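1. Dropping a prediction and its sequence here:
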Amino acid sequence: MRQELKRWAPVVFFSVLIVVLAFIWYILFPTSAWEETPNYLLMYVEFFVTRPVDAFLTVSSGPGVRWASIATYSLIVVHIVLYIIGKQKGIQYTILNKPYIFYLVFLGLFAISFQNASQNYGWYLNPDFINPTTGKPAPGYVDTWTHIVSPWLLGALIVPFALERYLGWDRKLEWLFIFAVLMTIALGWEIVETLDVYVSPDPTYFNYPMDSIKDIIMGAGIGTLLSCWIYERLVVDFGEKAETPR
């Protein structure tokens, strides 16, 4: 009994401490801090409920991106089809399982609709967004979240292919591969945003160096951690093994 108490005492202690600190964190904000911040969650829900086509299909994010949702949904369908056919033939075309498929569908719908909501309301493009309720400006906090969610989804779509099987790599090197892909895309995206300032008389973005570094860290760093770690917890820990397709 004492051994059990000793084992769980740190868990109980930190759980209580976190709850208490979270409560203190919440109540310390003055009322005006909440009133001057748009209700992002409510606006997001209203957007995909009232305009589902715009929310889940039409993507307009940054220079040159349009209808990216079609490619995303198509790749999710490819994973599902390869999983079903692979189960029937006993061949692993991709390495995933049913929990991961449900997670991938949910993440795809959320990432696309969230990105489109941020574009629709100007959260992503305009840091001086005006709260329609109070008429006061609110910072564009959502900018950070979109730079995490989009690469997270991209990494989650790529990792089930388990390319290390074909290259003879160690399983953990998938993290390095996903990071390399996301870093390449993040750097390319930031370069295009900077070039847009040079070639456009009225550029949508102005790419400040520190903001660009932040975006790269969010996209390549955190995107890799989320996509690879969750993949391993849902797939690898559930007993799926990497086998070279016959």
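-> That came through, no problem. Numbers count the residues shown, from 1 in each chain.
2. And the strands in the chain?
-> 129-130, 137-138 (DSSP state E).
3. Compare those and say which comes out lowest on pLDDT.
-> For these, mean pLDDT drops lowest on strand 137-138, to a mean of 52.
4. low-scoring stretches of the protein, by residue?
-> Applying pLDDT under 70 to the chain flags residues 1, 33, 36-37, 59-67, 124-143, 201-207, 239-246.
5. Can you verify my assumption that residue 231 contacts residue 160?
-> Yes - counting by Cβ atoms under 8 Å, residue 160 is a contact partner of residue 231 at 7.2 Å. C-beta coordinates here come from the backbone N, C-alpha and C atoms, glycine included.
6. Can you check which residues contact both of those two?
-> Taking Cβ atoms under 8 Å, 6 or more residues apart in numbering as the criterion, residue 231 and residue 160 both touch residue 100.
7. Could you report the separation of residue 149 from residue 113?
-> To residue 113, residue 149 is 10 Å away according to Cβ to Cβ, to the nearest Å.
8. tell me the contacts of the spatially most central residue of the chain?
-> Geometric centre of the chain, nearest residue: residue 149, 1.9 Å, by Cα atoms, centre = their mean. Counting by Cβ under 8 Å, 6+ apart, residue 149 makes contact with 110, 111, 114, 115.
9. Give me the neighbour count for residue 184.
-> Residue 184 has 11 neighbouring residues, counting by other Cβ atoms under 10 Å.
10. if I pick it, what's in contact with it?
-> Contacts of residue 184 by Cβ under 8 Å, 6+ apart: none found.
11. same thing but 10 Å
-> When contacts are counted by Cβ atoms under 10 Å, 6 or more residues apart in numbering, residue 184 is found next to residue 220.
12. Tell me how far it lies from residue 71.
-> 17 Å.
13. Show me how the record splits this protein into domains.
-> Residue ranges for the domains of the chain, per automatic domain parsing: 1-35, 38-238.
14. out of those, deepest packed?
-> domain 38-238 (a mean of 16; mean count of other Cβ atoms under 10 Å).
15. Endpoint to endpoint, that domain covers what distance?
-> Terminal residues of domain 38-238 lie 40 Å apart, using Cα to Cα, to the nearest Å.
16. What of stretch 166-178?
-> The first-to-last residue distance of stretch 166-178 comes to 15 Å (Cα to Cα).
17. Quick one: residues in contact with that stretch.
-> Applying Cβ under 10 Å, 6+ apart, the contact partners of stretch 166-178 are 95, 151, 154-156, 158-165, 220, 223-225, 227-229, 231-232, 236, 241-242, 244-245.
18. Repeat the analysis, applying 6 Å as the threshold.
-> 155, 159, 164, 224, 228 (Cβ atoms under 6 Å, 6 or more residues apart in numbering).
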